[in-house]
Each structure stands twice: as structure tokens, then as C-alpha cells.
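Undergrad: Quick one: sequence plus predicted model below, questions after.
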Amino acid sequence: MTEIILSIIAGLVLFLFAVNNLSESIQSIIGDSANNWIQKFTSNTFSSLLVGIVVTTLLDSSSAVIIITIVLVNSKILTFRQAMGIVLGANIGTTISSQIIAMDIGKYSPILLLLGFLLLFISKSKKVNNVGKVILYFGVLFFGLFTMENAVEPLKDEAFFAEWMKKTKNPIMGALIGAIVTLVIQSSSATVGMAIILAKKGFLSLIGGVAVMLGAELGTCSDTLLATIRGSRQALKTGLFHVTFNLLSIILGLILFYPFVDLVKKISGGASIERTLANAHMLFNIFGVLVFVWTIPIFEKILNRLLPDKKDLNETRANA
């Protein structure tokens, strides 16, 4: 049992290490392009939404994109209204990683590891080295998933683990587990990735996997809220909008849980459970954005009233 736990921890550490370094390595390749794109193509909500999707897909981290957005808002480069569209887009962009995880390419990770290492070892070019790092970290990411996948195999014989997994069949309990796990490991991608692996191995039902995925959407808000500490009112409102949007989406998802699962099954057809769960992740975030994107002006008005800028607050007191 100790060996299983250590193997799972090792795989998780590799995954988290790769996710954190991937974002930094890709940003070093594109330089300030990510910031420039965010600033240039955010003239309206629709374009802000697209920027959030594209940049999150490139950086493979919704948290990184939202934190960059908060920094830009804090620097008064972006407005709160522009940031809201990017936050919604980032929620869609992050679902690409679950689709990749469901492809079961972990067994080919040594190829990426070797290719990345060779580029780092042979080339003296900084740009080629950065590309090598990205390939290497992708290899580490998939190898981490592969390690976790192999590590959980023996758990089939552990009665306590089967009992614990049964708890996720209750959507609220499953969502709570997903939120806590994500809060601890600080990566919704890792939580969803583990859910996909457990579902593939037969430990987690589709209902349990979807519930855990819903909870992961809430747990991922913690690091973006941390980024707003000692920031401007506009930055704080951006973080609160992220939390509010995710929380309302999860509540709606839990209310319509079983009809949503049935819809995912119908759309996925005869796809494997891991692919169906990845589809559920993508559909949930797309539906959430489609429902709430029209309410951005309402959110903006409410948050501006609850947290007015200090300048506006001083004017209100002066007129009182």
C-alpha cells in the first residue's frame, strides 16, 4: 500500500511540476505576446472571450491566464469589463487539457522526454532550448499521468478505496471531494486528470467523475483570489467575478446534474468513459459561459456597487 501511495504522489508531483513550468516556458517563447494579445484584442466581450480561450489553450493553464489578467487590471492596462470576458474564455480554454489527457498518450511520453532532452542538449540557441523545455515538460506531464494510471491499478483489491469512491456517486459529496482535492494540489487540471484516470480504470463512475469535475471548478478559484491580495478594487472584482461565475455554474450544474449527464452520454455516443468525462468537462464550461456571458453587464453593475473604486467612494462621501 505504501508503494502505491508513493507512486501516486510521484506521478502527481511530476504532473504539477510540468504544468507550472510549461506555462513559464511557453511565456518565455512568446515573450510579451500573450500580454500584447490580451491588450490588443479585448475591445468587446466577444473578442475578450476568444482571447481567453486562445491564450489559455496555448499556456495550458486557466489560473496563469486569469492571474496575468488580474495583474494587467491592477496595472490599469485592462478594465474590469475586459477582464470578465477573458475569465469566461479561460474557463473554456482549460478544457482542452482534459481532451488531451483522455487521448491516452501517456505511454508515448518517453518519446517527448527524449526529443525535449536532445533539443536542450544539442542546441545552443535560446529559442530552440525553450522549445525543448516545452516538449520535455509535456513529456513529464504525460509521464506523470502514466505513473498515476499504473499506480492505481492495484487499488482494485482494496475494499476501503472502493467504498470511498462510492461516496462520489452523491453529486454534492463528489463535488466537495473535487473542490478539496483541487484546493490542496492547486490544479483543477490535475484533479480532472486523476478523475479521468480513475474512471478509465473502473474506480470512478461517470456520475462520480462529473461530480468531482464540478468541484474542481470551484477549488481552482483559490489561487486567483490570492493574486488579488493588496491589489486594486478592479483586480479584486475580477477575482470575485471568477469565484461567483464558477460557483453559480456549479450550483446550476448540480441542480441539472442528471439531465446534464444524460445529455453528455447522448452527445458522446459510444465513446469510452474517459472520453465522455472529458466531453462533460468541455460541455459544462461551454454551457456555463453561454448562460452567463449575457449577464456580464449585471455582474459589472453589482460588483461596482459593492466595491466602488476609492475615487468614486470619496466623491460619494463628499456629496453626502
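TA: Cool, got the structure. Numbers count the residues shown, from 1 in each chain.
Undergrad: which ones are touching Thr69?
TA: Contact analysis of Thr69 by CB atoms under 8 Å, 6 or more residues apart in numbering lists Ile38, Gly52, Leu78, Ala83, Ile86, Val87, Ala90, Thr238. Every residue, glycine included, has its C-beta placed from N, CA and C.
Undergrad: Can you list the low-confidence ranges for this structure?
TA: Regions of the chain meeting the criterion pLDDT under 70 cover residues 1, 19-20, 22-24, 26-38, 104-105, 152-162, 164, 186, 310-320.
Undergrad: Strands along the chain, start to end?
TA: With DSSP state E as the criterion, the chain has no strands.
Undergrad: Just the buried residues of stretch 235-245, please?
TA: Ala235, Leu236, Lys237, Thr238, Gly239, Leu240, Phe241, His242, Thr244, Phe245 (16 or more other CB atoms under 10 Å).
Undergrad: Test my guess that the fifth one contacts Leu225.
TA: Read it as Gly239. Yes - the criterion here is CB atoms under 8 Å, and Gly239 meets it with Leu225 at 4.9 Å.
Undergrad: Now tabulate the buried residues of stretch 235-245 in TSV and tack on distance to Ser61.
TA: Output for those, formatted as TSV (distance: CB to CB, whole Å):
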residue	distance to Ser61
Ala235	19
Leu236	21
Lys237	22
Thr238	17
Gly239	16
Leu240	20
Phe241	19
His242	14
Thr244	21
Phe245	18
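Undergrad: Take these and keep only those in helices.
TA: Among the buried residues of stretch 235-245, the members falling in helices (DSSP state H) are Ala235, Leu236, Lys237, Thr238, Gly239, Leu240, Phe241, His242, Thr244, Phe245.
Undergrad: what about the spatially closest residue to Leu283 that is not a sequence neighbour, how many residues close to it?
TA: Nearest residue to Leu283 in three dimensions, chain neighbours excluded: Val264, at 6.0 Å (CB to CB, 6 or more residues apart in numbering). When neighbours are defined as other CB atoms under 10 Å, Val264 has 20 of them.
Undergrad: got the contact list for Val264?
TA: So Val264 contacts Leu206, Val210, Thr276, Asn279, Ala280, Leu283 (CB under 8 Å, 6+ apart).
Undergrad: next one: Asn304
TA: Phe80, Lys237.
Undergrad: do Tyr108 as well
TA: Tyr108 touches Phe142, counting by CB under 8 Å, 6+ apart.
Undergrad: shouldn't Met194 be in contact with Met148?
TA: Yes - contact criterion CB under 8 Å: Met194 and Met148 qualify, at 6.5 Å.
Undergrad: Next, work out how far apart Asp309 and Thr42 are.
TA: To Thr42, Asp309 is 20 Å away according to CB to CB, to the nearest Å.
Undergrad: typed the wrong thing, it's Ser123
TA: 36 Å.
Undergrad: Neighbour count for the two, which is higher?
TA: Neighbours were counted for Ser123 and for Thr42 using other CB under 10 Å; Thr42 has more, 25 against 13.
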